[in-house]
Each structure stands twice: as structure tokens, then as C-alpha cells.
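Trainee: Could you look at this predicted model? Sequence included:
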Amino acid sequence: MKKERIAIPADPADPDDFDVTESELANALTEREERRKRGGRPTGSNKELVSLRIDRDVLERFKAGGAGWQTRINDALRKAAG
């Protein structure tokens with residue numbers, strides 16, 4: 001059986017940040033497991049995961065627009081495809 005390891009971010013400048021109760025740890029593990037189970041695209045999605053090489057300058061231009069850059073690339077490809 002593979003043992004799993006998790007990391008909990010801590011603020012080294014805050015001495016109280018290192019005190020974690022068993023219930024806090026249990027809650028963090030439960031939340032992590034729930035997030036893991038929810039992962040992936042919603043059922044019925046028409047999206048497909050692909051690997052695509054794009055010039056850096058083009059990618060940086062889309063990312064500079066902030067969140068939603070993948071959707072903007074998809075929209076540009078849809079428009080180009082006619």
C-alpha cells in the first residue's frame with residue numbers, strides 16, 4: 001500500500017502557525033480527498049485534453065489577459081477554423 005504525504009503551508013514568522021490539532025489535520029485530509037474526488041471536467045463535457053506547442057510570445061500574450069486564457073485560445077482557434 002502506497003503511503004501518501006501532504007504538505008500544509010506554514011508561516012515561519014508565526015510561532016503559532018506550527019500548532020495543528022488532530023481535528024484540524026483530519027479536516028484538511030478530508031477536504032483534500034473531497035477535492036481529489038471532484039477533479040476533472042464535468043460529466044458530459046465536450047472538451048478534450050491535448051498537448052499543443054505554441055510560440056512563447058503568443059502564449060504570453062493570451063496569459064497576459066489574466067484568467068480565462070485557455071478559453072480565449074479556444075475561441076481564437078474556433079474563429080480561425082471557420
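Mentor: Cool, got the structure.

Trainee: what is the mean pLDDT for stretch 31-49?
Mentor: In this model, stretch 31-49 has a mean pLDDT of 76.

Trainee: So what's the residue count around Leu59?
Mentor: 14 (other C-beta atoms under 10 Å). Every C-beta, even on glycine, is put in place using the N, C-alpha and C of the backbone.

Trainee: correction: Phe62
Mentor: By other C-beta under 10 Å, 16 other residues sit near Phe62.

Trainee: isn't Lys63 right up against Gln70?
Mentor: No. If you go by C-beta atoms under 8 Å, Lys63 and Gln70 don't touch, sitting 9.4 Å apart.

Trainee: Just checking, which helix or strand succeeds the worst-scoring helix or strand of the chain on mean pLDDT along the chain?
Mentor: The weakest-scoring helix or strand in the chain, judged by mean pLDDT, DSSP states H and E, is helix 22-38 (a mean of 80). Moving toward the C-terminus from helix 22-38, the next helix or strand (DSSP states H and E) is helix 56-63.
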